[in-house]
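Participant: got a structure for you, letters missing:
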């Protein structure tokens, strides 16, 4: 059976009247790339700080690798953190920064140097050891912070929005690298982010946080395809809700349904449903947005309600797209893609 | 901001006048200390260092200088310890009444020195004298420390606010105890602010006159000595020399403190 890297039970924490974490239970497996996803103020960073030991919970229990650590200080936990602002020591060189944890553990100087250099190589920063943090770019500092946290081979690595300060291109590149490094070293990564795309592309599993609680835990596909609450549906990806009367007429039963825009095909109004598993609805295109690789259609349904459909631009170009505005269309989707949400 | 030519000229003249009002009299003191004429006639008939050597042999002035140095060092030491402790409490911890504490720490610098002096004097004589501790160097140090703490506190708190608390967390995260994190990380980052605060505190203490009330009869700091000798015409040249020394000894620490603050302000930000 797989071991548990982290187990959280009934975790609660409030700061002077505001509840930041409101009853969190969570299990993170050994070797997992686990993301805690949520908007700011949803409690994800506080959970991370509780696991690191920078805060103590008001209630609940924290276990690391089967050992309770709830009341232990940060330096008594086998967990290292990559901080959002990197927190590289400005008065030390890159090499001294990376070797700091080893120095604390009284590892001999020669070995310290070898391991620090190896860690810098892992993050592709060979030859930067003698520089000061101030002489590095944002992406390089991020890597130094990663090397510093990884060099001691902790049981768990906590990453607090580590890519937040980087520009988009670099962020995408670092997402891929982080994932590769994690696979290579095999350490459990707990990654805090508010960027749903980042969480979907990097993680083995994701916990979606909403107002101090976990709304859903699952693989990226589970979270995206089968959101458990309206909040998850709207926070992860574009939500496309079919409610009330319209929902009843189209799906045959009342309730709230979410259909991802890319699951919906835009057909001519006269088209027939291909298969019995398909549901269709007619409407008028109220807005068309050309996105380059795809086109987004906003369709006002005849029976009320509005759905967004996303079509790959296989043949269409921007010139054609504008002509769709105001035309009559039939939307079609597979019934299993209409996911019923608890109201 | 765009300024018209006339406005610019007017501002320049204003600034020049302002600086002149402050620094020309100080320059005069310096020049007069080299004036061979005992009554400081103007223009000086020549230049001489005679008064400097007279002053150097004046035991009253020498003793006063020594007392001032001891008082300055003592007050600076007290201010460094207490000011730093308060700065850490205010900048790094949340507690009830935190804003009040930082307010009352800074307040003494704004209070009229004469009031602080009289208040300390009466407090010392009612509390300390019955215990057998008279007014003396010790009470001078305490009096000076009341406002020296402010400059140390201000310097250190400004530095702590600029350096993120995550440095200490990062150190502890990597296995350092709180004490170790302070020694390895926090202290090196605030060291220059401490030094700057200490130099300023020393300079302030060195020329403080109003807390004179806390000095006993036998204790004379440099400013008190000047005050006592100013009205004696035959001492005027020596007073000028002592005043010039006081100015020079205050300028050096302030200049160093400014450079220290500027240096680290740029290099400690990452």
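Facilitator: Received, thanks. Everything numeric in this text was worked out from a predicted model, so none of it was measured.
Participant: distance of the nearest residue to residue A:139 once chain neighbours are set aside from chain B?
Facilitator: Counting by Cβ to Cβ, 6 or more residues apart in numbering or on different chains, residue A:139 lies nearest to residue A:170, which is 4.8 Å off, once chain neighbours are set aside. C-beta here means a position set from N, CA and C on the backbone, and glycine is covered the same way. Distance, residue A:170 to chain B, using Cβ to the nearest Cβ, to the nearest Å: 18 Å.
Participant: Residue A:170 sits in which helix or strand?
Facilitator: Taking DSSP states H and E as the criterion, the element that holds residue A:170 is helix A:168-185.
Participant: And the contacts of the following helix or strand past that helix?
Facilitator: Once the chain leaves helix A:168-185, the next helix or strand it forms, by DSSP H and E, is strand A:188-193. Strand A:188-193 is touched from outside by A:5-6, A:28-37, A:44-45, A:48, A:51, A:155-164, A:178, A:182, A:199, A:202-203, with contacts defined as Cβ atoms under 8 Å, 6 or more residues apart in numbering or on different chains.
Participant: And residue A:195, how far from residue A:161?
Facilitator: Separation of residue A:195 from residue A:161 (Cβ to Cβ, to the nearest Å): 8 Å.
Participant: When those two are compared, which one has more neighbours?
Facilitator: residue A:161 (20 against 16; other Cβ atoms under 10 Å in any protein chain shown).
Participant: Next, the residue nearest to that one when sequence neighbours are not counted: secondary structure please.
Facilitator: Using Cβ to Cβ, 6+ apart and skipping the chain neighbours, the partner closest in space to residue A:161 is residue A:84 (4.7 Å). Following DSSP: H, G, I helix; E, B strand; the rest coil, residue A:84 is assigned to coil.
Participant: how about the residues of chain A that lie near chain B?
Facilitator: A:52-54, A:73-75, A:79-81, A:83, A:85-91, A:100-101, A:104-105, A:133-134, A:141, A:148-149, A:152 (Cβ under 8 Å from any Cβ of the partner chain).
Participant: pLDDT wise, what is the spatially most central residue of chain B at?
Facilitator: Centroid check for chain B by Cα atoms, centre = their mean gives residue B:204 as the closest residue, at 1.7 Å. Here the pLDDT value assigned to residue B:204 is 86.
Participant: Just the buried positions in the least confident helix or strand in chain B by mean pLDDT, please.
Facilitator: One helix or strand of chain B scores below all others by mean pLDDT, DSSP states H and E: helix B:236-267, with a mean of 77. Across helix B:236-267, burial judged by 16 or more other Cβ atoms under 10 Å in any protein chain shown covers B:236-246, B:249-250, B:253, B:257, B:260-261, B:264.
Participant: ok, which of the residues you listed also contact chain A?
Facilitator: Counting by Cβ under 8 Å from any Cβ, no member of the buried residues of helix B:236-267 reaches chain A.
Participant: Give me the distance between the helix holding residue A:170 and the centre of its chain.
Facilitator: Going by Cα atoms, centre = their mean, to the nearest Å, the spacing between the C-alpha centre of helix A:168-185 and its chain's C-alpha centre is 13 Å.
Participant: Show me where the chain has its helices.
Facilitator: Since no chain was named, I'll use chain A. Taking DSSP state H as the test, the helices found in chain A are A:44-52, A:94-104, A:109-122, A:138-150, A:168-185, A:196-202, A:220-225, A:230-235, A:244-251, A:318-322.
Participant: Please refer instead to chain B.
Facilitator: B:5-32, B:50-56, B:59-92, B:98-110, B:113-127, B:137-162, B:166-173, B:178-181, B:187-206, B:222-229, B:236-267.
Participant: mean pLDDT lowest for which of those helices?
Facilitator: Note on these: lowest mean pLDDT is at helix B:236-267, with a mean of 77.
Participant: so what's residue A:211 up against?
Facilitator: A:22, A:42-43.
Participant: still on that earlier bit, just the buried members of the residues of chain A next to chain B?
Facilitator: Applying 16+ other Cβ under 10 Å to the residues of chain A next to chain B flags A:52-54, A:74-75, A:79-81, A:83, A:85-91, A:100-101, A:104, A:133, A:141, A:148-149, A:152 as buried.
Participant: Out of the contacts of residue A:211, which is nearest to chain B?
Facilitator: Chain B lies nearest to residue A:43 out of these, by Cβ to the nearest Cβ, at 18.7 Å.
Participant: Hmm, the closest one is touching residue A:215, no?
Facilitator: No: here residue A:43 does not reach residue A:215: they are 11.0 Å apart, not a contact under Cβ atoms under 8 Å.
Participant: hey, what's in contact with both of those two?
Facilitator: Common neighbours of residue A:43 and residue A:215, counting by Cβ under 8 Å, 6+ apart, are residue A:209.
Participant: just to revisit the earlier point, output the contacts of residue A:211 as CSV; include the columns pLDDT, neighbour count and distance to residue A:298.
Facilitator: Shown next, in CSV, are the contacts of residue A:211 (pLDDT from 0 to 100; neighbours: other Cβ atoms under 10 Å in any protein chain shown; distance: Cβ to Cβ, whole Å):
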residue, pLDDT, neighbour count, distance to residue A:298
A:22, 94, 15, 36
A:42, 93, 24, 29
A:43, 93, 23, 34
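Participant: Mind checking which of these land in strands?
Facilitator: Mapping these onto strands (DSSP state E) picks out residue A:22.
Participant: okay if I get the contacts of residue A:211 as CSV plus distance to residue B:13?
Facilitator: Listed next are the contacts of residue A:211 as CSV, based on distance: Cβ to Cβ, whole Å:
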residue, distance to residue B:13
A:22, 65
A:42, 60
A:43, 61
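Participant: just for chain A, where's the confidence low?
Facilitator: The model of chain A has pLDDT under 70 over residues A:1-2, A:273, A:316-318, A:343.
Participant: please redo it, this time with the cut-off set to 80
Facilitator: A:1-2, A:165, A:239, A:244-254, A:272-276, A:303, A:315-322, A:343 (pLDDT under 80).
Participant: Contacts only, for the residue minimising distance to the centre of it.
Facilitator: What sits nearest the mean C-alpha location of chain A, by Cα atoms, centre = their mean, is residue A:199, with 2.2 Å. Counting by Cβ under 8 Å, 6+ apart, residue A:199 touches A:35, A:37, A:191, A:193, A:206, A:220, A:236.
Participant: on that earlier part again, just the contacts of residue A:211 now: which is nearest residue A:265?
Facilitator: For the contacts of residue A:211, the minimum distance to residue A:265 (Cβ to Cβ) is 34.3 Å, reached by residue A:42.
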